[in-house]
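Chemist: Turn this into a model:
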Amino acid sequence: MPSRHGLQPRHDNPDWRIAYRPHTAFGGPGYARAYGWGWLSVPGALLVIVGVAGLLIAKSTAFWTLLGLGAALVIASIPLNAYSERRSMRLLPAQFIDAEIRHLRHTPMMKGGWAVRALVRFTLDGSNIETTPGQFGYDYLPGEAAARRFVEKLQKEPILLWVDPQHPQRSYFKHLRG
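Modeler: Here you go, the predicted structure:
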């Protein structure tokens with residue numbers, strides 16, 4: 001389905017052989033979430049805005065402090081959000097079913113590069129669930145060779161997924177290396 005800008009979101013791209021398994025409706029509850037310490041990015045962003053506005057309008061160097069503090073909060077919120085997010089998820093073994101490697105073109109909203117969409121199955125509370133791990137149902141890798149090595153690794157080695165029990169389709173590979 002095209003977005004309001006007429007662009008088709010990558011995760012809905014019909015060119016993929018393996019269909020994306022969304023964990024929630026596009027834009028619905030749980031689609032984009034900040035966890036625990038991840039909320040530090042909100043006051044951090046506000047401090048950055050106030051700092052920049054203060055530098056442009058008042059031309060006072062005191063606003064450099066606000067700008068620096070805001071930037072530090074935003075940057076610190078990234079790993080803290082990931083840590084908080086993983087605390088709410090469960091680490092589960094998964095079975096490889098299939099994988100697809102694609103080269104994605106660069107768009108104004110997303111970087112281009114090599115992506116792997118894997119279809120895996122895991123068991124959560126007695127239910128077998130099939131999913132396509134990753135934020136958009138695929139994961140970026142630095143090149144085609146790395147993507148191929150990653151698929152080979154998925155086929156041969158045990159797979160561990162971080163799974164959100166509230167949205168079981170929402171999952172991430174524990175290790176993303178080729």
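Chemist: what sits against the most centrally placed residue in the chain?
Modeler: For the chain, the residue nearest the mean C-alpha position is Gln135 (3.5 Å; Cα atoms, centre = their mean). Counting by Cβ atoms under 8 Å, 6 or more residues apart in numbering, Gln135 touches Tyr172. The C-beta positions use only the backbone N, C-alpha and C, and glycine is treated the same way.
Chemist: Quick check: Asn128 is in a strand.
Modeler: Yes - counting by DSSP: H, G, I helix; E, B strand; the rest coil, Asn128 is located in a strand.
Chemist: Burial check on the closest residue to it other than its chain neighbours, number of neighbours?
Modeler: The shortest distance from Asn128 to any non-neighbouring residue, by Cβ to Cβ, 6 or more residues apart in numbering, is to Arg121 (5.9 Å). For Arg121, the neighbour count with other Cβ atoms under 10 Å is 13.
Chemist: Show me the strands in this structure, by range?
Modeler: 90-104, 113-124, 127-131, 139-141, 159-164, 167-173 (DSSP state E).
Chemist: May I see these organised as JSON lines, with mean pLDDT added?
Modeler: Below are the strands of the chain laid out as JSON lines (pLDDT from 0 to 100):
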{"stretch": "strand 90-104", "mean pLDDT": "93"}
{"stretch": "strand 113-124", "mean pLDDT": "92"}
{"stretch": "strand 127-131", "mean pLDDT": "94"}
{"stretch": "strand 139-141", "mean pLDDT": "83"}
{"stretch": "strand 159-164", "mean pLDDT": "92"}
{"stretch": "strand 167-173", "mean pLDDT": "86"}
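Chemist: Any chance of TSV for those strands, columns distance to Arg21?
Modeler: Below are those laid out as TSV (distance: least, Cβ to Cβ, whole Å):
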stretch	distance to Arg21
strand 90-104	11
strand 113-124	8
strand 127-131	5
strand 139-141	14
strand 159-164	12
strand 167-173	5
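Chemist: picking that back up, pull the contacting residues for the residue nearest to Asn128.
Modeler: With contact set as Cβ under 8 Å, 6+ apart, Arg121 has these partners: Ala94, Gln95, Ile97, Asn128, Ile129, Glu130, Thr131.
Chemist: Buried by neighbour count, from these: which ones?
Modeler: Taking 16 or more other Cβ atoms under 10 Å as the criterion, what is buried in the contacts of Arg121 is Ala94, Ile129, Thr131.
Chemist: what about the last one, distance to Trp162?
Modeler: What it means is Thr131. Using Cβ to Cβ, to the nearest Å, we find Thr131 at a distance of 11 Å from Trp162.
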